[in-house]
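Undergrad: Take a look and give me a structure for this.
(chains A, B, C and D)
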2 protein chains.
Amino acid sequence: MKRPTIADIARQAGVSKGAVSYALNGQPGVSESTRQRILAIAREIGFNPNSAARALSGATANAVGLALRRPARTLGVEPFFMELISGVEAELSARSYALTLQIVADAQTEIAVYRRWWGERRIDGVFLCDLRVDDERVPALEELNLPTVVIGGPGHTGRLASIWADEEAALVETVEYLVALGHRRITRIGGLPGLLHTEIRTEAFTEVCRRLGLDQTRTVPSDYTGEEGARVTRRLLSSAERPTALIYDNDVMAIAGLAVAQEMGLSVPADLSIVAWDDSPLCQLVHPPLTALSRDIPAYGAHAARRLLAAIAGDPITSYQDETAHLTPRGSTAPPRPTPPPTPSAI
Amino acid sequence: MKRPTIADIARQAGVSKGAVSYALNGQPGVSESTRQRILAIAREIGFNPNSAARALSGATANAVGLALRRPARTLGVEPFFMELISGVEAELSARSYALTLQIVADAQTEIAVYRRWWGERRIDGVFLCDLRVDDERVPALEELNLPTVVIGGPGHTGRLASIWADEEAALVETVEYLVALGHRRITRIGGLPGLLHTEIRTEAFTEVCRRLGLDQTRTVPSDYTGEEGARVTRRLLSSAERPTALIYDNDVMAIAGLAVAQEMGLSVPADLSIVAWDDSPLCQLVHPPLTALSRDIPAYGAHAARRLLAAIAGDPITSYQDETAHLTPRGSTAPPRPTPPPTPSAI
DNA sequence: CTGAAAGCGCTTACAG
DNA sequence: CTGAAAGCGCTTACAG
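TA: Next comes the predicted model:
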């Protein structure tokens, strides 16, 4: 049994295929009464427009692409992407757009995927994630003339549309809070170097520490994985002048850091305060619950999707600033234990 | 500048469009020398076949669909799906198949999505996740005649292909291990009731406990979320005869349970042993690291993808048993603390 | 407001 | 082994 086409509808309605097309797409060219008749028939016989035929006739593919360059195991534990994707999805499916997903190994493969998708007319636009400083994907996408929304910035996005958040403001709020609690020895465990938002945060951290006159602060690079977060934390907590507060660039590393503190017999928050960047439900599943920088990731994804659809529709390219993450204090931060007075033997 | 088509290649090569098509697709009908010439030209001018045109000519869509019915926040913290997807992806992209992803609210919407995708010829097949007992999606997909691989089973999959793992064997291994350690009061915190694998595990747990003569065991239903896992754990640990060992149906609940134990001043594993089902990297990021039921989820996804491609190719429908999860003992399990001898007043 | 027709870029019998 | 042609199911000017 063949699936119904507009020809079937046209035959049943006694009109031309063109009329059916106009009726189905809400175009002028048919009277309201025939439009209703046509729609009723379409519904009755379970008609779905063949997306290939539609795409071939110059219309859009009604799909957008998302290529992710992260190893499988990392992707799984990082709640960020699934939340982002679900926000993107909500917006896309409301407009009957499909999301095509691909996990890639490196930048060159990623660019090749974009080129192929676009060449095959499989998609109408793409999201660019994990923006890096001087990202080679940006000029490649510009050259392809492929509608794109960069999830990241500001800057380094060329002529592409972008959506970004103020990393600096969030970091300043966090550091000022820790300083207000009495912390001086604050270390930040940074995300993957080279990623734009990592670099922005690193610079902002250096800057705010200088402004506040803190001279025992620093950023230690890491890579967002729990394993590496644990390793770095173990090293930091083993040092002579160990920090009293740690800021982690994501929640997975923060959770790993908390476990290391427990493993080393340190009490959180009495001996060590911990702040997590990104506030997935994980932060509230550990004990003590983690103070975190929260923001609505699904909403971020939805905004990105809306801007990509606008870019596809030909709207002018813009850069959009999303909500700034705000500090949500929980049980992992407190004033540092007062330094014990020097023992006689130490004098 | 228009994107190149086979007509452009045909003109440059001085052959017909048909010849180009044969050459590109490795079909007989062109000599080896012209095939090479055509391929060289295609490469040179950066040709990509228009997937819409290809699909319209009766070929396949070269895409498969995956609809996920879980709330955004749950999806984000559950590492299982991202790992599954990355395994699926690896297999699909090796064969130039795209993955179309959609997050849906309920079963009816999900079925509607399948119907639309299939009607629009957007996909050649789908994965069915989170199989339930007497799942209404199964007959719907059978009726659509849409190539499907059910991720779950055995049973309840109708005439659809499926891939499943032996939940019972894994559960038996776990219970026997805990009993060998000396545990008698074992409680299992189950996943969402109604999901087939939840029900299979529940029945298997009852069965093995009966066989081993354990009469202080039970399953408490939950929903896979950390919040609910924490709530249930708090209640269990507050009861008079609290269990000495807990088996959680996923790792997120296990981690939440561990935090609750810590919050209530219980020592893991001395006062309480914990086993997590599914061994994502999260299990090793907490302290103590969790004993877990491990299996290779990306491999599971890859197998599922391979079977879906086979089903699309028209291979006979089969049910495939994947690797059984195996117990990976870590720091969260130990013999229970010996019960203190009854105090005189209790006699 | 409606109908007839061309065309999107492929694939695939069908002749030579 | 190769070429000319029909056809997939839509959309969209172009006539009436």
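Undergrad: Could you show which parts of chain A are in contact with DNA strand C?
TA: A:14-19, A:22, A:28-32, A:34, A:53, A:56-58 (Cβ under 7 Å from any atom of the strand). Bear in mind the C-beta positions are built from the backbone N, C-alpha and C, glycine included.
Undergrad: switch to 6 Å and redo it
TA: Taking Cβ under 6 Å from any atom of the strand as the contact definition, chain A meets DNA strand C at A:15-19, A:28-31, A:34, A:56-57.
Undergrad: Lowest-confidence entry in these?
TA: In terms of pLDDT, the lowest of these is A:Gly29, showing 80.
Undergrad: Now do the same contact list for that residue.
TA: Going by Cβ atoms under 8 Å, 6 or more residues apart in numbering or on different chains, A:Gly29 touches A:18-19, A:22.
Undergrad: of the residues you listed, closest to B:Thr5?
TA: A:Gly18 (25.3 Å; Cβ to Cβ).
Undergrad: hmm, back to that, can you put the contacts of A:Gly29 in JSON lines and add neighbour count?
TA: JSON lines is the format used below for the contacts of A:Gly29 (neighbours: other Cβ atoms under 10 Å in any protein chain shown):
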{"residue": "A:Gly18", "neighbour count": "13"}
{"residue": "A:Ala19", "neighbour count": "21"}
{"residue": "A:Tyr22", "neighbour count": "18"}
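Undergrad: and those, which of them are in strands?
TA: Members of the contacts of A:Gly29 lying in strands (criterion: DSSP state E): none.
Undergrad: Of the residues you listed, which belong to helices?
TA: Mapping the contacts of A:Gly29 onto helices (DSSP state H) picks out A:18-19, A:22.
Undergrad: so the closest residue to DNA strand C within the stretch 101-250 of chain A is in which element?
TA: With Cβ to the nearest atom of the strand, the shortest gap between the stretch 101-250 of chain A and DNA strand C falls at A:Arg121, namely 7.7 Å. Using DSSP states H and E, A:Arg121 maps to neither a helix nor a strand.
Undergrad: what's the neighbour count on it?
TA: When neighbours are defined as other Cβ atoms under 10 Å in any protein chain shown, A:Arg121 has 22 of them.
Undergrad: that older thread, go through the ones in helices among the contacts of A:Gly29 and say which is closest to B:Gly314.
TA: A:Gly18 (36.5 Å).
Undergrad: show me the contacts for the residue lying closest to A:Leu84 once chain neighbours are set aside.
TA: Nearest in space to A:Leu84, with sequence neighbours left out and distances taken as Cβ to Cβ, 6 or more residues apart in numbering or on different chains, is A:Gly301 at 4.2 Å. A:Gly301 is in contact with A:83-91, counting by Cβ under 8 Å, 6+ apart.
Undergrad: which of those residues lies closest to B:Pro281?
TA: Using Cβ to Cβ, A:Glu83 is the member of those that sits closest to B:Pro281, with 18.0 Å.
Undergrad: just checking, the closest one touches A:Ala299?
TA: No - contact between A:Glu83 and A:Ala299 fails when scored by Cβ atoms under 8 Å: they sit 9.6 Å apart.
Undergrad: Counting neighbours, go ahead and name the busier of those two.
TA: Taking neighbours as other Cβ under 10 Å, A:Glu83 and A:Ala299 compare with A:Glu83 leading, 24 against 16.
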